[in-house]
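S.K.: Give me a model of this one.
(chains A and B)
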There are 2 protein chains.
Amino acid sequence: MSEYSIDVRITPREGLLDPQGKAIQGALHSLGFDGVTGARVGRLIRLRIQADDEAAARERVDEMCRKLLANPVTEDYTIEMDREAEASR
Amino acid sequence: MSEYSIDVRITPREGLLDPQGKAIQGALHSLGFDGVTGARVGRLIRLRIQADDEAAARERVDEMCRKLLANPVTEDYTIEMDREAEASR
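M.R.: Next up is the predicted model:
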């Protein structure tokens, strides 16, 4: 049983309105940051989880995303092992 | 002038309370996901930005983080070029 650090990135689906992203884009323009052509805001969930191996950890987190963390209708998610955290353990 | 896709991950600093993370950890336990030893919730901001080159894009985004996107007292951030988006342009 090892402990893994996993980042889940949850983003609003392409094509869906993202008012928070629009607000950030507007604020950046007001501050003089031209050249920003898009901004979308999502959530980052950093989990520490005990599992037998990396594949098992990833599968558990995928199940968590489907059951609780992400809204499958409006959001996409990606799961990513945090290698640096592993290395520094 | 090229367009770059950049992900900014903003997380609460280690040691600071993260009630949202605690709530997620509790909810996961309630759903039977044992083995979750930590959960922290941050923001993911996905930007599209026009810049002369990759280094310039990254520097602009770093400035945006310091001026608007992240709270330097309570949050850490990392900036990451989205290579997949580059490849698929």
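
S.K.: now check stretch A:68-83, is it near chain B?
M.R.: Yes: Stretch A:68-83 is in contact with chain B by Cβ under 8 Å from any Cβ of the partner chain, via A:68, A:69. For glycine as for every other residue, the C-beta is placed from the backbone atoms N, C-alpha and C.

S.K.: So what's the gap between that stretch and the chain middle?
M.R.: Stretch A:68-83 sits 6 Å away from the centroid of its parent chain (Cα atoms, centre = their mean, to the nearest Å).

S.K.: now swap in stretch A:23-39 and tell me
M.R.: With Cα atoms, centre = their mean, you get 22 Å for stretch A:23-39.

S.K.: tell me the helices in chain A, going along the chain?
M.R.: A:19-30, A:54-64, A:83-87 (DSSP state H).

S.K.: Show me what from chain A comes close to chain B.
M.R.: Counting by Cβ under 8 Å from any Cβ, chain A sits next to chain B at A:3, A:7, A:9-11, A:21, A:24, A:27-28, A:31, A:33, A:35-51, A:60, A:63-64, A:67-69.

S.K.: One more pass at 7 Å, please.
M.R.: Counting by Cβ under 7 Å from any Cβ of the partner chain, the residues of chain A close to chain B are A:3, A:9, A:11, A:24, A:27-28, A:31, A:33, A:35-51, A:60, A:64, A:67-68.

S.K.: coming back round to it: can you say which of the helices of chain A is nearest to residue B:78?
M.R.: Evaluated with Cβ to Cβ, these place helix A:83-87 nearest to residue B:78, the distance being 10.0 Å.
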